[in-house]
Every structure is written in structure tokens, then in C-alpha cells.
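A.B. asks: Sequence first, then the predicted structure, then my questions.
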Amino acid sequence: MYTLAVCAEMVFRELPVEDRARRIRDAGFQVEIWDWTRHDLTALERSGAVFSSMTGYLRGSLTDADGAAELLRTAEESVKAAERLRCPRLNLHGTGLDSEGLPVAAVTGAVTGPMWIAAHRTLTRIAELGESAGVVFTLENLNTAVDHPGVPFAKAADTLALVEAVGRPGLRMNLDLYHAQIGEGNLIELLRRAHGRGLIGEIQVADVPGRCEPGTGEINYPAVARALADLGYDGTVAMEAWASDDSDLALERFRSAFTL
């Protein structure tokens with residue numbers, strides 16, 4: 001069966017992040033964080049939590065030479081931080097995001113052929129870095145309609161195509177079902193397609209609308225859980241969602257939705 005994790009950036013927000021990590025650990029989940037530079041890594045090390053994923057770059061983008069160089073440089077820094085936390089996965093997006101989730105380098109209009117080629121080249125180098133360091137980089141799909149307008153390679157179909165084209169074990173897809181529901185829908189078929197090609201590094205969940213815990217919106221997460229069991233998925237399912245009310249209740253709703 002799959003492993004359950006919770007993003008510490010979005011629950012128990014009244015506490016320091018290391019205390020959030022302890023609360024999540026004590027509830028029986030692994031822990032995810034975003035930008036590691038905002039946190040005290042020593043305090044996180046002492047929390048006793050098992051870290052499953054963190055942001056794998058600080059700045060940069062996939063679409064141009066300068067952005068790619070910066071992404072690769074800061075990915076190397078992130079690998080060192082991941083080593084400290086024993087974190088096996090490092091997450092990527094098509095371009096850097098600011099504190100509001102907006103792209104630092106927005107793409108207006110269609111993503112061009114040269115952008116695709118640049119992204120493929122950069123992600124191949126990222127995969128090589130991951131393989132040499134013993135970690136996996138994951139490329140996350142995002143939605144551009146609500147949260148992240150202007151991000152390139154945002155749809156699940158785009159991230160899936162890039163990961164498959166690179167074809168290396170150091171790069172996998174972070175399939176975010178919240179973003180996919182807004183952008184594309186047809187979630188179970190999407191899971192089957194990505195899993196069947198062996199391209200999923202992690203699955204993230206939140207409900208629509210609102211980006212709160214499973215059970216607060218329109219997505220039938222118990223059906224998703226059954227589909228994952230039928231597929232034999234044994235990776236990580238992470239709740240990257242705001243607590244709609246009480247954080248402890250949000251964690252229990254997440255657990256219930258994915259307990260068969």
C-alpha cells in the first residue's frame with residue numbers, strides 16, 4: 001500500500017514549522033515542506049519526522065538558458081539540504097513561484113517548440129543530478145485557471161510528456177490531483193495512464209474548490225484510493241491542502257479518505 005504524508009506548510013500554521021512536523025509525525029504521517037531556506041534545518045532534523053518531499057530548487061525556469069542555469073545551480077543546493085533531512089524527493093515546477101504562487105517568469109501565449117526542447121534538455125541534466133545524488137526530482141503539474149496563471153508546462157499531460165521524454169529514473173512526475181481536477185479532470189484515467197507508464201514519483205491531493213482536505217469538495221477521494229489500490233500503487237500520497245477548520249480533523253479526514 002501507499003504511504004501517507006502531509007505538507008507542514010498548510011496545517012498547524014500557528015506553530016513553528018518544526019513543531020508542525022512533530023504533530024504530523026505523532027499523527028502517523030510523513031512530512032513535506034516547501035522552500036527549505038525559510039526553515040531552520042537543524043530544528044527540523046531534531047523533530048524526528050520522516051521527510052518525504054521538499055522543494056528542489058530556489059529560482060530558475062525550464063524555458064530559457066539563463067533560467068535553466070539558475071535552476072540547476074539552486075537544485076544542487078537543494079540536494080545538500082535534502083541530504084541533511086534524508087529527504088528522497090525534490091519537487092520542481094516549470095518556473096519559479098513567488099510567495100503568492102505566481103510565476104516569477106510568466107509565459108504569455110503558447111509554449112513554443114524551443115521552450116519544449118530547452119525544458120527537455122534541462123530536465124535531463126536535473127535527472128542526472130538526482131541519480132548521482134541518490135534522490136528523485138519530481139515535476140509537478142499545476143493549474144493556471146485559479147492558482148498559478150502563466151506557469152509553463154502546467155497541465156498534467158505536459159508534465160507527463162516531459163517526464164516520459166526524458167526517460168530517466170532521476171525524474172518522475174508529481175501528480176497533483178487538485179491541480180489536475182481544475183485543469184483537466186478525468187482523474188482516475190489520468191492515474192492509470194501515468195502509473196501504467198511507471199512515471200509517478202508522488203501523488204498530491206486536496207479538494208476542489210478551496211484546496212482544503214479531502215472530503216470538503218467535489219473529488220471522490222475514496223474512489224481514487226480504491227483505484228490506487230487496484231493499480232498496486234505503493235508510493236506516497238501527500239495531502240498538500242489547507243485545513244478547512246481544525247488541523248487535527250483535516251489529518252483524520254485525509255486518513256479516512258485513503259483507508260480502505
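C.D. replies: Looks like it arrived, so ask away. Residues are numbered from 1 along each chain as shown.
A.B. asks: For the protein, which segments are assigned as strands?
C.D. replies: Along the chain, the segments classed as strands by DSSP state E run 3-7, 30-32, 51-55, 89-92, 136-140, 171-176, 200-205, 236-239.
A.B. asks: any idea of the mean pLDDT for the fifth one?
C.D. replies: Right, the one you point to is strand 136-140. Across strand 136-140, the average pLDDT comes to 98.
A.B. asks: That strand: partners in the sheet, and parallel or antiparallel?
C.D. replies: strand 89-92 (parallel), strand 171-176 (parallel) (DSSP bridges).
A.B. asks: related to what we said a few turns ago, can you lay out the strands of the chain as JSON lines showing mean neighbour count?
C.D. replies: C-beta: built from backbone N, CA, C; applies to glycine. As requested, these are exported to JSON lines (neighbours: other CB atoms under 10 Å):
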{"stretch": "strand 3-7", "mean neighbour count": "23"}
{"stretch": "strand 30-32", "mean neighbour count": "25"}
{"stretch": "strand 51-55", "mean neighbour count": "25"}
{"stretch": "strand 89-92", "mean neighbour count": "25"}
{"stretch": "strand 136-140", "mean neighbour count": "26"}
{"stretch": "strand 171-176", "mean neighbour count": "26"}
{"stretch": "strand 200-205", "mean neighbour count": "24"}
{"stretch": "strand 236-239", "mean neighbour count": "26"}
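A.B. asks: for the ones you listed, which one sits closest to E189?
C.D. replies: strand 171-176 (12.2 Å; CB to CB).
A.B. asks: these two touch, right, D234 and Y2?
C.D. replies: Yes: in this structure, D234 is within contact of Y2 by CB atoms under 8 Å, at 6.0 Å.
A.B. asks: Of the two, give the one with the bigger neighbour count.
C.D. replies: Shown here are D234 and Y2; by other CB atoms under 10 Å, Y2 has more neighbours (18 against 10).
A.B. asks: First-to-last residue distance for stretch 99-114?
C.D. replies: End-to-end distance of stretch 99-114 (CA to CA, to the nearest Å): 28 Å.
A.B. asks: I meant to write stretch 45-60 there.
C.D. replies: So stretch 45-60: terminal residues 27 Å apart, CA to CA.
A.B. asks: Now do P152 against E252, distance only.
C.D. replies: 37 Å (CB to CB, to the nearest Å).
A.B. asks: how about the helices in the stretch 51-200 of the chain?
C.D. replies: Taking DSSP state H, counting those that start in this stretch to define them, one finds helices in the stretch 51-200 of the chain at 65-85, 113-133, 156-166, 177-183, 187-196.
A.B. asks: so of the ones you listed, which one's packed in deepest?
C.D. replies: Ranked by mean neighbour count, the helices of the stretch 51-200 of the chain are led by helix 177-183 with a mean of 24 (mean count of other CB atoms under 10 Å).
A.B. asks: What is that one packed up against?
C.D. replies: When contacts are defined as 3 or more CB pairs under 8 Å, 6 or more residues apart in numbering; DSSP states H and E, helix 177-183 packs onto helix 156-166, helix 187-196, strand 200-205.
A.B. asks: quick one: contacts of it?
C.D. replies: Here helix 177-183 makes contact (CB atoms under 8 Å, 6 or more residues apart in numbering) with 140-148, 154-156, 187, 190-191, 203-208, 211, 218-219, 224, 240-241.
A.B. asks: What subset of those is buried?
C.D. replies: Neighbour counting over the contacts of helix 177-183 (16 or more other CB atoms under 10 Å) leaves 140-144, 147-148, 154-156, 187, 190-191, 203-208, 211, 219, 224, 240-241 as the buried ones.
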